[in-house]
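[1] Next input, structure requested:
(one chain, ligands or ions: 1)
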Amino acid sequence: MNIAIVTGGGDAPGLNAVIRSAVLSALGMGWTVSGLRDGMRSLMVPADYPKGPLIPLDHNSVRGITFLGGTILGTTNQSNPLEPVDRTPEIIENLRKLNLDALLMVGGDGTMAIASRIAKQGFPVVGIPKTIDNDLDGTVVTFGFDTAVEFATQCIDRLHSTAESHGRVMVVEVMGRYAGWIALESGLAGTADVILIPEIPYKMEPILAKLKERKSTRGFSLVVIAEGAHPVDQTYSTHQGRLGGAAQRLQSAIEEATGLDTRNVVLGHLLRGGPPNARDRLYSLRFGSAAVRALAEGRKADMVALDPPNVRYLPLEEATRHMKTVPLDCDSILTARALGTCLGDE
Ligand code: F6P
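    Purely as a prediction, here's the structure:
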């Protein structure tokens, strides 16, 4: 077998661990492995890649990268071969010209949709679920999420002491697109007083009541808001066409209504950078190796998924059907409510 690995979409901690695991597992099978440069972009804009789209990968190329953030192959969330027109037939032709037999595609929902489209046309693909947002269906968790939650929690911990010293309201914005997983889990772990997620459009009254009560009892408050969270009567906050500004909007609304000294902090891409934590390294290593085993078993259109205590495989088509958002009756939501955390609805 001659296979290639491609990392697509926004980077996430653990990509390099997946690459190392897949490469070593494939070499162990006696296969040849390469990496595609910059996601699918190197196949779509060949003129920008004078050395060609492939980086040959051997034991040496993946030495010492398990704990490195980012991806040694490069990635992009801008060259989408499905839009504005479907360019996957041309991509498959290029993959065949490169004598490739199969592709391991590491990415989130966008990458899995491309993987599914390629696989439908008969080119074998196995997907590996990545995203800090954890919004991919079919897997209990994506790699990258745990590191993002851990880092966000550390930041919230640090903001506690400065908020308390100044008697302030601190509003912390975290990524996550249209899903509130990062906000909910880091907010709970960091004992935020208010957690706002896209799944629960918020009203100002309960938030203001909570902040005023906190001012009179403890003097300060921590609010964690997902970038996709929005008031009941308004839509997502955006900046230059991208999600962003949710914390700024809330800070202004709080100050205007209460006069409370309020600051906002946007964690943004800090959540994507840096080394994967131990949990994400393990997921990545397990996913990379399982993906190679999937190809060896003759799977041609599946995604690796975490199904504790093991990994399983499911059809790529199934994995891309729905976005996984926070169920309103999940136990983390029930726990937050039981602890008196304001979720913006009551
Ligand atoms: O999907 C990962 C993610 O980090 C989202 O949480 C965020 O909305 C988006 O990517 C940011 O993308 P970009 O890297 O283009 O700013």
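[2] from the stretch 201-346 of the chain, which residue is nearest to the ligand?
    Across the stretch 201-346 of the chain, the shortest distance to the ligand (C-beta to the nearest ligand atom) belongs to L243, at 4.9 Å. All C-beta atoms are positioned from the backbone trio N, CA, C, and that covers glycine.
[3] Next, that residue: phi, psi?
    phi -60, psi 140 (degrees, to the nearest 10).
[4] Quick check: buried residues in the helix or strand encompassing M112?
    Under the criterion of DSSP states H and E, M112 resides in helix 109-120. Using 16 or more other C-beta atoms under 10 Å as the burial criterion, the residues of helix 109-120 that qualify are D109, G110, T111, M112, A113, I114, A115, S116, R117, I118, A119.
[5] now stretch 304-316
    In stretch 304-316, residues buried by neighbour count (16+ other C-beta under 10 Å) are V304, A305, L306, V311, Y313, L314, P315, L316.
[6] Mark which of these are part of strands, please.
    Those of these mapping onto strands are V304, A305, L306, V311, Y313, L314, P315, per DSSP state E.
[7] and the fourth one, what does it touch?
    By C-beta atoms under 8 Å, 6 or more residues apart in numbering, the contact set of V311 is R286, F287, A290, V304, A305.
[8] State the pLDDT value of the closest residue to the first one other than its chain neighbours.
    Right, the one you point to is R286. Nearest residue to R286, sequence neighbours excluded (C-beta to C-beta, 6 or more residues apart in numbering): V311, at 5.9 Å. Looking at V311, its pLDDT is 98.
[9] Determine which two of the contacts of V311 are furthest apart.
    Distances among these were taken as C-beta to C-beta; the most separated pair is R286 and A305, at 11.0 Å.
[10] need the contact list for whichever residue of the stretch 101-250 of the chain sits closest to the ligand.
    For the stretch 101-250 of the chain and the ligand, the shortest gap (C-beta to the nearest ligand atom) falls at M175, measuring 3.2 Å. M175 sits next to I132, D133, A148, I182, A226, E227, L267, G268, H269, L271, R272 when contact means C-beta under 8 Å, 6+ apart.
[11] Centre of the chain to the host helix or strand of A148, how far?
    In this structure, A148 sits in helix 145-166 according to DSSP H and E. Centroid displacement of helix 145-166 relative to its chain, using C-alpha atoms, centre = their mean, to the nearest Å, is 19 Å.
[12] what packs against it?
    In terms of contacts (3 or more C-beta pairs under 8 Å, 6 or more residues apart in numbering; DSSP states H and E), helix 145-166 is packed against strand 169-174, helix 181-189, strand 221-226, helix 278-296.
[13] Show me the contact partners of the last one.
    Yep, that's helix 278-296 we're talking about. Applying C-beta under 8 Å, 6+ apart, the external contacts of helix 278-296 come out as 1, 3, 13-15, 17-23, 25-26, 29, 31, 66-67, 102, 104, 124, 126-129, 141, 143-147, 276, 302, 304, 306, 311, 313.
[14] Show me which residues of that helix are buried.
    279-281, 283-292, 294-295.
[15] What about the ligand: which of these touch it?
    Checked against the ligand using C-beta under 6 Å from any ligand atom, the buried residues of helix 278-296 yield no neighbours at all.
[16] quick revisit: for ChimeraX, what selects the buried ones among the contacts of helix 278-296?
    Selecting just the buried residues from these in ChimeraX takes one command, with 16+ other C-beta under 10 Å as the test:
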select :3,13,14,15,17,18,19,20,21,22,23,25,26,31,66,102,104,124,126,127,128,129,141,143,144,145,146,147,276,302,304,306,311,313
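[17] Mind checking which of the contacts of helix 278-296 land in helices?
    Among the contacts of helix 278-296, the subset assigned to helices under DSSP state H consists of 15, 17-23, 25-26, 145-147.
[18] and the worst-scoring helix or strand of the chain on mean pLDDT with the ligand, contact?
    Ranking every helix and strand in the chain by mean pLDDT, DSSP states H and E puts strand 238-239 at the bottom, with a mean of 92. No. Judged by C-beta under 6 Å from any ligand atom, strand 238-239 stays clear of the ligand, getting no closer than 10.2 Å.
[19] Each with direction, which strands does that strand pair with?
    The partner list of strand 238-239 in its sheet, established with DSSP bridges, is strand 242-243 (antiparallel).
[20] Pull out the buried positions in the helix or strand just after the strand it pairs with.
    Towards the C-terminus, the helix or strand next in line after strand 242-243, according to DSSP H and E, is helix 246-258. Neighbour-count burial for helix 246-258, counted by 16+ other C-beta under 10 Å, picks out A246, A247, Q248, R249, L250, Q251, A253, I254, T258.
[21] give me every residue that touches the closest residue to Y313 other than its chain neighbours.
    For Y313, the nearest residue in space outside its immediate sequence neighbours is D302; the separation is 4.2 Å by C-beta to C-beta, 6+ apart. Each residue near D302 by C-beta under 8 Å, 6+ apart is listed here: V126, G127, A294, Y313, L314, P315, L316.
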